[in-house]
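Chemist: Fold the stuff below for me.
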Amino acid sequence: MGSILIVDDEAEMRLAIKEALTRKGYSVELAPDGREAMRKIGEAPFDMVISDLKMPGMGGMELLKSIKKTAPHTPVLLITAFGTIQKAVEAVKEGAVDFILKPFTLDALESTVEKALMLREGPRQDDARGKTMVSSDPSMKRVISMALTAAASDATVLISGESGTGKELFARLIHANSPRADRPFVPVNCASIPDGLLESELFGHEKGAFTGAIAARQGKFEQADTGTILLDEISEMDIRLQAKLLRIIQEKEVERLGGKSPIPLDIRIIATTNREMKKEVAAGRFREDLFYRLNIFPLLLPPLRERGGDIVHIADHFLNKFAAKYSRRVEVISDEALDLIKRNRWRGNIREMENTIERAVLVSQGKTLELEHLLMGQDDAELDIIEKDEAACTGPAPGKASNDKTNNENANNMTLREMEKGLICKTLDGVEGNRTRAAKVLGISVRTLRNKLKEYGQVLPG
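Modeler: Sure thing, here's the model as predicted:
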């Protein structure tokens, strides 16, 4: 069993928690305040820390931040009163694994501790069509921790993020770690179903409700009863249907098209969007009251380009996944290919990386995935590389001098090759080194541009 440090300024509370957890087989240490807790943590590692949020001196929030600096992988569970629930949510954003509200039962505490310790081994994951949550980046670990906190409740969750960041995967993660895990999970893509069909798809219909309704049909809400419904890209929903959705959330019941009486629901709602919802509300495209109903527990997924700790990790994951799928011998990524992977902006996020690595693995021949495999078929839609200086273009461009007269004289004496290099280097400088944009300005493919730069770097001094 794990070792746990209890931090609380109330002696009775410390002893009660210690007694309960000791009976369960945990090794328990006590500290009356945050400073004493940090001293103990410095002497010996703990598998978990349980701390009151409001304490004199170093409070729970300050203690949490200190622990995350010195022992970032140690889960911290916070105890809070109802009056400080907002602080508790803020603490989860800072990295707390969970929080428990006063007054609480010992059974609730034991269950929360058990769940928090299990997270060290990784959360349960739903089989989202073979997709797996892969992350080692601190920013993503905070979001995962918040998602697991949300999972323990029935609160409506709104997951925001760019396309390809894994919003549906997070929705499935929440469902798989919730009390409804063994109940239905029903995803609905609001953007892919035409408005005329979405209403029937969501709410169901009775026989004869409209032309072609030859039989009664359950809607997605009924299919998800006792489980979870995912409303993917909720911002694409017609404003008329938003009013009906609001009523379902408020009344916990749905009425089929052509129905005579509402059908009660026991359901958990998760919604996703790739838009800024406050802007959608301000523009009148999304109901403000519905937004606040959905935004009970917001989660914002960072784009892949902001997850520096994950990029190589995820690339290796996809390499192994597709090497096994297509029976390829490829085992490692070359340094040159890895450098490109690190510097790409990945505007399509994880989905773009997955597609790129899959294609590269398919065309690979040996044990190493090379740069040329990543660039296969990319002439017109090149990877958007972050780079600002080229070895071939360092120093003054050919013909560049201190005054116009000298420039003109030098230009007259320049070869076509030198003029070409000068134009390319000047263009690259004007677009801050972005090869994709430079190629478009020059009217050539990115591969041609790369070959030219390589040629200049070999023949001419940098």
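Chemist: Can you give the strand pairings for whichever helix or strand I100 is part of, parallel or anti for each?
Modeler: For I100, the host element (DSSP states H and E) is strand 98-101. Strand pairing for strand 98-101, using DSSP bridges, gives strand 76-80 (parallel).
Chemist: Residues in contact with the partner strand: which ones?
Modeler: Contact partners of strand 76-80, identified using Cβ atoms under 8 Å, 6 or more residues apart in numbering, comprise 8, 13, 48-54, 60, 63-64, 67-68, 87-88, 91, 95-102, 104, 112-113, 116. In this view, the C-beta of every residue, glycine as well, is placed from N, C-alpha and C.
Chemist: run the last query once more with 6 Å
Modeler: 49-53, 60, 64, 67, 88, 91, 96-100, 116 (Cβ atoms under 6 Å, 6 or more residues apart in numbering).
Chemist: picking up where we left off before, quick check: which helices or strands does the next helix or strand after the strand holding I100 pack against?
Modeler: Downstream of strand 98-101, the first helix or strand assigned by DSSP H and E is helix 106-118. Judged by 3 or more Cβ pairs under 6 Å, 6 or more residues apart in numbering; DSSP states H and E, the packing partners of helix 106-118 are strand 98-101.
Chemist: so what's the residue nearest to E306 when sequence neighbours are not counted scoring on pLDDT?
Modeler: Leaving aside its sequence neighbours, E306 sits nearest to S139 (Cβ to Cβ, 6 or more residues apart in numbering; 6.9 Å). pLDDT for S139: 84.
Chemist: residues near S139, how many?
Modeler: Residue crowding around S139 was assessed by other Cβ atoms under 10 Å; the count is 15.
Chemist: Then the one 4 residues further on?
Modeler: Using other Cβ under 10 Å, the number of residues around V143 comes to 21.
Chemist: Look up phi and psi at it.
Modeler: Backbone torsions for V143, taken as degrees, to the nearest 10, come to phi -70, psi -40.
Chemist: Tell me how far it lies from K69.
Modeler: For V143, the distance to K69 equals 19 Å [Cβ to Cβ, to the nearest Å].
Chemist: By mean pLDDT, point me to the weakest helix or strand of the protein.
Modeler: Every helix and strand in the chain was compared by mean pLDDT, DSSP states H and E; the lowest is helix 404-413, with a mean of 47.
Chemist: Tell me who's in contact with A209.
Modeler: Contacts of A209 by Cβ under 6 Å, 6+ apart are L257, G258.
Chemist: Quick one: the strands in this protein, in order.
Modeler: Applying DSSP state E to the chain gives strands spanning 3-7, 27-31, 48-52, 76-80, 98-101, 157-160, 185-189, 228-232, 253-254, 263-264, 268-273, 297-300, 332-333, 368-369.
Chemist: Which elements pack onto the third one?
Modeler: What that stands for is strand 48-52. Judged by 3+ Cβ pairs under 6 Å, 6+ apart, the packing partners of strand 48-52 are strand 3-7, helix 60-70, strand 76-80.
Chemist: Run the chain-centre distance for the last one.
Modeler: In this case it means strand 76-80. Relative to the centre of its chain, strand 76-80 is centred 24 Å away, using Cα atoms, centre = their mean, to the nearest Å.
Chemist: Show the contacting residues for D47.
Modeler: G2, S3.
Chemist: wait, F286
Modeler: By Cβ under 6 Å, 6+ apart, the contact set of F286 is E280.
Chemist: Backbone dihedrals for it, both of them.
Modeler: Here is the backbone geometry of F286 (degrees, to the nearest 10): phi -140, psi 140.
Chemist: Next, work out how far apart it and L294 are.
Modeler: 9 Å.
Chemist: cool, G227 as well?
Modeler: Taking Cβ to Cβ as the measure, G227 falls 18 Å from L294.
Chemist: higher neighbour count, the two?
Modeler: L294 (25 against 18).
Chemist: Surely the more buried one is in contact with T272?
Modeler: No: in this structure, L294 is not within contact of T272 by Cβ atoms under 6 Å, at 10.1 Å.
Chemist: Alright, that wraps it up for me.
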